[in-house]
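>>> Quick one, structure for this:
(one chain, ligands or ions: 1)
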Amino acid sequence: MQELLETLSWQIELIKVLKKRQKRSVLLLTHRSCQFSFELFKDIDWTHIPFGTKRLNQDDIEKVHQQMNLQYDAIVSVGGGSVIDCAKIVKHQFFSTDSFHVAIPTTAGSGSEATQFAVIYDGLQKKSVSDIFLRPDLVILCPPLVQALPPSVKISSGFDAWAQAIESVCSLAATNESRHYAALAIARMRSHLEGFVREARLDQAKEIQLAAYDAGRAINISKTTLAHALSYYMTAKYGVPHGVAVFLTLPSVLAHYPISPYLLEICGMSKREDLINELEVKMEKFGIDRRLSSYGMKIDDLPYMVDVALNSGRMDNAPWKASKEELIALLRGLL
Ligand SMILES: [Fe+2]
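Residues are numbered from 1 along each chain as shown. All right, here's what the predicted structure looks like:
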């Protein structure tokens, strides 16, 4: 069972947790921009490995492994989705299954802190690893960590979490529990994402962190669907930020999905068109270009992009069993 702690001072909370659980040797993976006060932690043997990667691959894992020089009883990850995913895979490959993983997200979007999945790339091909032992044992949410992120990061991360929550509700694998988490996430995103981007108050940062966490809890059960499947190649090949890539097709995907009264209700809408319109308007408000061609995508790229989506493993849960031709037509309409 995963535990959640909310705090305004993550380093103080972390030291309390590690002392209480008698963790003496800790592998610390952070994004390279993360500031860390080791004086607070002088009773603990640390190996600190700062790194930053857009697409985690097995070479990153090997580099971490080469720097490991102790028998660790805990791993702490402080960073965005790729740092947390790296810690998950390192723990899976090199630690015993009962070792302790604390995840401290520094972006509010991927929800990786809440899931048993990790994303790792083989070239441009995205692979998702899934195992119950990948799920962090403890999550520490600290709003100041995300409060001052650049607007572009807040938008992309927020769109990712919002889309994950909507796709989760639509997923054929959704349950009452996942729908509950997704509803919480959608309500928070609708109310607070714009304020979080433009005003960046602490209370708004807290709401968006919780939204991302709840969206993560939702997809941990339901997984994502077609809009995510179509996004992977856009990110890997054209560098479109993940959340933006997902949002580019989400309105068109929703035009084809069966839309339940439940989804409309939790989005505060009475019909499908309003739900779609809200997402399109939000992109325009944030200055996101909705044309695929503006990111360099061309008509000849579409068949391969669709092949990647169809092989992504995310289509099984999609409530619209689209053919390759139908998906190419959908993308062509967005060029
Ligand atoms: Fe995502």
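>>> can you tell me which helix in the chain is longest?
helix 176-198 (DSSP state H).
>>> What mean pLDDT does that one get?
Across helix 176-198, pLDDT averages out at 98.
>>> Need the CA coordinates for the helix or strand following it. PDB is fine.
Using DSSP states H and E, the helix or strand that follows helix 176-198 in sequence is helix 202-222. The C-alpha coordinates for helix 202-222 follow below in PDB (Å, rounded to 0.1, in the frame of the first residue of the first chain):
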ATOM      1  CA  LEU A 202       1.200  28.000  -3.400                       C
ATOM      2  CA  ASP A 203      -2.400  26.800  -2.900                       C
ATOM      3  CA  GLN A 204      -2.800  26.400  -6.700                       C
ATOM      4  CA  ALA A 205       0.500  24.400  -6.800                       C
ATOM      5  CA  LYS A 206      -0.900  22.100  -4.100                       C
ATOM      6  CA  GLU A 207      -4.100  21.500  -6.000                       C
ATOM      7  CA  ILE A 208      -2.300  20.700  -9.300                       C
ATOM      8  CA  GLN A 209       0.200  18.400  -7.500                       C
ATOM      9  CA  LEU A 210      -2.800  16.500  -6.100                       C
ATOM     10  CA  ALA A 211      -4.500  16.400  -9.500                       C
ATOM     11  CA  ALA A 212      -1.400  14.900 -11.100                       C
ATOM     12  CA  TYR A 213      -1.100  12.400  -8.300                       C
ATOM     13  CA  ASP A 214      -4.800  11.400  -8.600                       C
ATOM     14  CA  ALA A 215      -4.600  11.100 -12.400                       C
ATOM     15  CA  GLY A 216      -1.600   8.800 -11.800                       C
ATOM     16  CA  ARG A 217      -3.600   6.700  -9.400                       C
ATOM     17  CA  ALA A 218      -6.400   6.500 -12.000                       C
ATOM     18  CA  ILE A 219      -4.200   5.300 -14.800                       C
ATOM     19  CA  ASN A 220      -2.400   2.900 -12.500                       C
ATOM     20  CA  ILE A 221      -5.700   1.000 -12.600                       C
ATOM     21  CA  SER A 222      -7.100   1.800 -16.100                       C
END
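>>> can you count the residues close to the residue found closest to residue 32 once you drop the neighbours it is linked to in the chain?
Closest residue in space to residue 32, ignoring its immediate chain neighbours: residue 50 at 4.1 Å, by Cβ to Cβ, 6 or more residues apart in numbering. (C-beta placed from N, C-alpha, C; glycine too.) Number of residues near residue 50 (other Cβ atoms under 10 Å) recorded here: 15.
>>> For residue 50, list the residues it contacts.
Residues counted as contacts of residue 50 (Cβ atoms under 8 Å, 6 or more residues apart in numbering) are 30, 31, 32, 34.
>>> any idea which of these is closest to residue 250?
residue 31 (27.3 Å; Cβ to Cβ).
>>> That closest one: neighbouring residues, count only.
By other Cβ under 10 Å, 17 other residues sit near residue 31.
>>> follow-up on the earlier one: list the beta-bridge partners for the residue nearest to residue 32.
Residue 50 forms beta bridges with residue 30, as assigned by DSSP bridges.
>>> Tell me the confidence at it?
According to the prediction, residue 50 has pLDDT 91.
>>> circling back to that earlier point, packing partners for the longest helix of the chain?
When contacts are defined as 3 or more Cβ pairs under 8 Å, 6 or more residues apart in numbering; DSSP states H and E, helix 176-198 packs onto helix 151-170, helix 202-222, helix 261-266, helix 272-285.
>>> re the thing from before, who wins on neighbours among the contacts of residue 50?
With neighbours taken as other Cβ under 10 Å, the top of the contacts of residue 50 is residue 30, carrying 21 neighbours.
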